[in-house]
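> fold the following, please.
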Amino acid sequence: MTDLPMNPFGSTGASVTALGYGSMDLGKKRDRRLEPVASDVAVDVLNEVLDAGINFIDTSPDYRDAESLIGRAIAHRRGEYFLASKCGCPVNQPRPVDGGTAPHVFTRENVRAGVEQSLTRMNTDYLDLVQIHMSPSRQEVEDDDSVAELEALRDEGKVRFIGISTTFPNIADHIAMGVFDAFQIPYSLVEPDHDEWIVKAADAGAGTVIRGGVARGISAVPTVDLDGMTDISRRYINRRREFWREASLDELLGDMTAMEFILRFTLSHPHVSTTIVGTSNVEHLADNVAAARKGPLPDDVYQQAKDRISKVA
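Prediction:
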């Protein structure tokens, strides 16, 4: 048993820890160079994730060596975690020289190839959740028959649940399709735009996976170092910082660190199943777990934060 807060995962019957682990950082170093973290570091981090009681792990073929590292580090503990990956990602294509990602393809052939590749890399017979990546339009998903292939894989026992990583402008159409067990949605206290859509996804009976719930928020804190960021990233983060300042969020911290406040704000959303937080540092992981164990923010602090954010937004 874990002492982390647990939530039902939509109508799937599964239960997930409110704090999940996102493996993107296993595919690159903190300075965003392309080299993966060392294998022994990944082994330590992934085992610490499970030892801390986190049972939701999110990954993707796009995260370079992350899937292979998961297979190498914790496949022997497969019964301890709910494993979510993505599909539509490039399969057997060379990586662009600029470090970017080749175009995603959502045909039945590529969806199946991606899932089979993920199963092999992670040394498992099944994936708990496969999410269509990159929020393609409903028309593209339907034209490529992507869901039908995922349903076939589900019938074969290789996939348990079907989801989509979604955002504006396609999220409304994705929910209306009525075929997804889960939605991965961006959200944080400084980027609350998808708030009502988290509610609508949950009301449709789906599990909700939040990405950016800490990373996008913590970058708004003025003390966070922006060294190594591109000019575009700096402008983007400076807009978040202006949001933080205008909402006077520092006044609500009390004895909390900014990271704890930001994480617990996301965990306070009553329609969030799990929020994925990534790190390749066991100390940062321990801080995340300690904050999550405290649960949601006090009701009055959460409501003050919501009110201030609403006025600024």
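
> from here on, contacts and neighbour counts on C-alpha atoms
OK.

> ok, and what's touching stretch 302-309?
With C-alpha atoms under 8 Å, 6 or more residues apart in numbering as the test, stretch 302-309 has contacts from 189, 190, 247, 248, 249, 252, 265, 268.

> the third one is in contact with residue 240, isn't it?
No: when contacts are counted by C-alpha atoms under 8 Å, residue 247 is not listed as touching residue 240 (10.6 Å).

> in stretch 234-244, what counts as buried?
237, 238, 240, 241, 242, 243, 244 (16 or more other C-alpha atoms under 10 Å).

> now go through those and say which are in helices.
Per DSSP state H, helices hold the following members of the buried residues of stretch 234-244: 237, 238, 240, 241, 242, 243, 244.

> rewinding a little: dump the buried residues of stretch 234-244 to a markdown table, plus pLDDT.
Output for the buried residues of stretch 234-244, formatted as a markdown table (pLDDT from 0 to 100):
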| residue | pLDDT |
| --- | --- |
| 237 | 91 |
| 238 | 91 |
| 240 | 93 |
| 241 | 94 |
| 242 | 95 |
| 243 | 95 |
| 244 | 96 |
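
> would you format the residues you listed as JSON lines with distance to residue 71 included?
Putting these into JSON lines (distance: C-alpha to C-alpha, whole Å) gives the following:
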{"residue": "237", "distance to residue 71": "34"}
{"residue": "238", "distance to residue 71": "38"}
{"residue": "240", "distance to residue 71": "36"}
{"residue": "241", "distance to residue 71": "38"}
{"residue": "242", "distance to residue 71": "41"}
{"residue": "243", "distance to residue 71": "40"}
{"residue": "244", "distance to residue 71": "39"}
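
> so where's the stretch 101-250 of the chain uncertain?
Residues of the stretch 101-250 of the chain meeting the criterion pLDDT under 70: none.

> redo that, cut-off 90
The model of the stretch 101-250 of the chain has pLDDT under 90 over residues 101-102, 215-217, 219, 222-236.

> ranges for the strands of it?
For the stretch 101-250 of the chain, applying DSSP state E, counting those that start in this stretch gives strands covering 127-132, 159-165, 182-186, 207-211.

> make a markdown table out of those strands and add mean neighbour count and distance to residue 140.
Below are the strands of the stretch 101-250 of the chain laid out as a markdown table (neighbours: other C-alpha atoms under 10 Å; distance: least, C-alpha to C-alpha, whole Å):
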| stretch | mean neighbour count | distance to residue 140 |
| --- | --- | --- |
| strand 127-132 | 25 | 11 |
| strand 159-165 | 23 | 13 |
| strand 182-186 | 25 | 17 |
| strand 207-211 | 26 | 22 |
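
> any chance of the ones you listed in CSV with distance to residue 55 as columns?
CSV is the format used below for the strands of the stretch 101-250 of the chain (distance: least, C-alpha to C-alpha, whole Å):
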stretch, distance to residue 55
strand 127-132, 12
strand 159-165, 16
strand 182-186, 16
strand 207-211, 13
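
> what's the closest of those strands to residue 68?
Residue 68 lies closest to strand 127-132 among the strands of the stretch 101-250 of the chain, at 14.1 Å (C-alpha to C-alpha).

> give me the contacts around that closest one.
Strand 127-132 is contacted from outside by 82-88, 106, 115, 119, 150, 158-165, 182-184, using C-alpha under 8 Å, 6+ apart.

> hmm, try it at 6 Å
Strand 127-132 is contacted from outside by 82-87, 159-165, using C-alpha atoms under 6 Å, 6 or more residues apart in numbering.

> now do it: distance to the chain's middle.
Distance, stretch centre to chain centre, for strand 127-132: 12 Å (C-alpha atoms, centre = their mean, to the nearest Å).

> pairing partners for that strand, with directions?
Partners of strand 127-132 in the sheet, by DSSP bridges, are strand 82-87 (parallel), strand 159-165 (parallel).

> what angle do that strand and strand 182-186 make?
Counting by axes from the mean of the first three to the mean of the last three C-alpha atoms, to 10 degrees, strand 127-132 lies at 60 degrees to strand 182-186.

> ok so, going back, quick one, which of the strands of the stretch 101-250 of the chain is nearest to residue 197?
Comparing the strands of the stretch 101-250 of the chain by C-alpha to C-alpha, strand 182-186 comes nearest, at 8.5 Å.

> just checking: what are the partner strands of that closest one?
Using DSSP bridges, strand 182-186 pairs in its sheet with strand 159-165 (parallel), strand 207-211 (parallel).

> so which of those strands is nearest residue 67?
For the strands paired with strand 182-186, the distance to residue 67 is smallest for strand 159-165, at 16.0 Å, taking C-alpha to C-alpha.

> residues contacting residue 24?
residue 63.

> residue 41 in helix, strand or coil?
Following DSSP: H, G, I helix; E, B strand; the rest coil, the label given to residue 41 is helix.
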